[in-house]
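In: What follows is a predicted structure for the sequence shown.
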Amino acid sequence: DDLLNVPQDKDTKNIYKNYKETLQELLTHAYLVMVSTQSLENKYRKYNSNIKVIPNKLNQMYWLDINRNKSKKPKNSSIFLYFGSYTHLEDLETIIPTLDKVYKKNSDFKLKLIGVTNNVINKPWIEQIAIPNECKAYPKFIRFLQENSQDCIAGLAPLKESEFNNHKSDLKIKEYIGLG
């Protein structure tokens with residue numbers, strides 16, 4: 001992510017805003033800056049000429065076990081998955097009107113929503129799944145995702161058009177592929 005330009009709605013406690021100068025100083029004086037996308041490389045080149053794109057990858061130590069234990073996805077399922085941090089509610093809101101239309105045409109349609117918001121979304125097709133505290137550490141979260149996605153046929157990864165989102169990597173897609 002572009003940590004120098006985190007939007008206010010995603011940085012509600014001003015953590016990135018308060019440390020912006022420090023982050024710029026670190027970028028300027030680092031021997032090497034590694035970023036996950038070409039667009040971040042282009043944007044941060046003004047701070048440091050020694051910058052390298054290292055695309056995001058899944059940690060095979062955690063994801064290989066899941067892939068070995070993967071069950072086959074149901075062929076006639078209408079269940080989709082969307083997971084993310086609480087900064088992604090605005091992204092979800094961009095596709096809700098379309099998903100409402102899908103539900104009107106197919107009442108079996110369901111979206112399993114993990115994370116994204118603490119607010120209840122009153123849609124008959126949304127199943128909100130809370131992340132237990134003991135599953136918030138990444139390795140346990142991966143297992144939690146796998147357990148809750150076995151009946152899903154695909155994952156959704158909406159991003160609202162914004163300057164901040166223009167610098168996102170394809171990590172979410174890789175995670176969905178890792179889930180099967």
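Out: It's in. All of these numbers come straight from a predicted model, not from anything done at the bench.

In: CA only for contacts and neighbour counts going forward, please
Out: Will do.

In: Now do the contacts for the nearest residue to His29 once chain neighbours are set aside.
Out: Excluding its sequence neighbours, the residue lying closest to His29 (C-alpha to C-alpha, 6 or more residues apart in numbering) is Asn48, at 7.6 Å. Asn48 is in contact with 27-30, 32-33, counting by C-alpha atoms under 8 Å, 6 or more residues apart in numbering.

In: any chance of those residues in CSV, with secondary structure too?
Out: Converted to CSV, those look like this (DSSP: H, G, I helix; E, B strand; the rest coil):
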residue, secondary structure
Leu27, helix
Thr28, helix
His29, helix
Ala30, coil
Leu32, coil
Val33, strand
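
In: Any of those residues buried? List them.
Out: 27-28, 33 (16 or more other C-alpha atoms under 10 Å).

In: Where in the protein is the helix or strand with the lowest mean pLDDT?
Out: Every helix and strand in the chain was compared by mean pLDDT, DSSP states H and E; the lowest is helix 60-68, with a mean of 71.

In: got any ranges where this protein has weak pLDDT?
Out: 65-76 (pLDDT under 70).

In: Gly115 is in contact with Leu81, isn't it?
Out: No. Between Gly115 and Leu81 no contact is recorded; they are 11.0 Å apart, counting by C-alpha atoms under 8 Å.

In: okay if I get the contacts of Asn48 as JSON lines plus distance to Ile177?
Out: JSON lines is the format used below for those (distance: C-alpha to C-alpha, whole Å):
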{"residue": "Leu27", "distance to Ile177": "32"}
{"residue": "Thr28", "distance to Ile177": "36"}
{"residue": "His29", "distance to Ile177": "37"}
{"residue": "Ala30", "distance to Ile177": "34"}
{"residue": "Leu32", "distance to Ile177": "30"}
{"residue": "Val33", "distance to Ile177": "28"}
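
In: which one of these is nearest Ser169?
Out: Of all the contacts of Asn48, Val33 has the smallest distance to Ser169: 16.2 Å, by C-alpha to C-alpha.

In: isn't that closest one right up against Lys46?
Out: No. Applying C-alpha under 8 Å, one finds Val33 not in contact with Lys46, separated by 11.6 Å.
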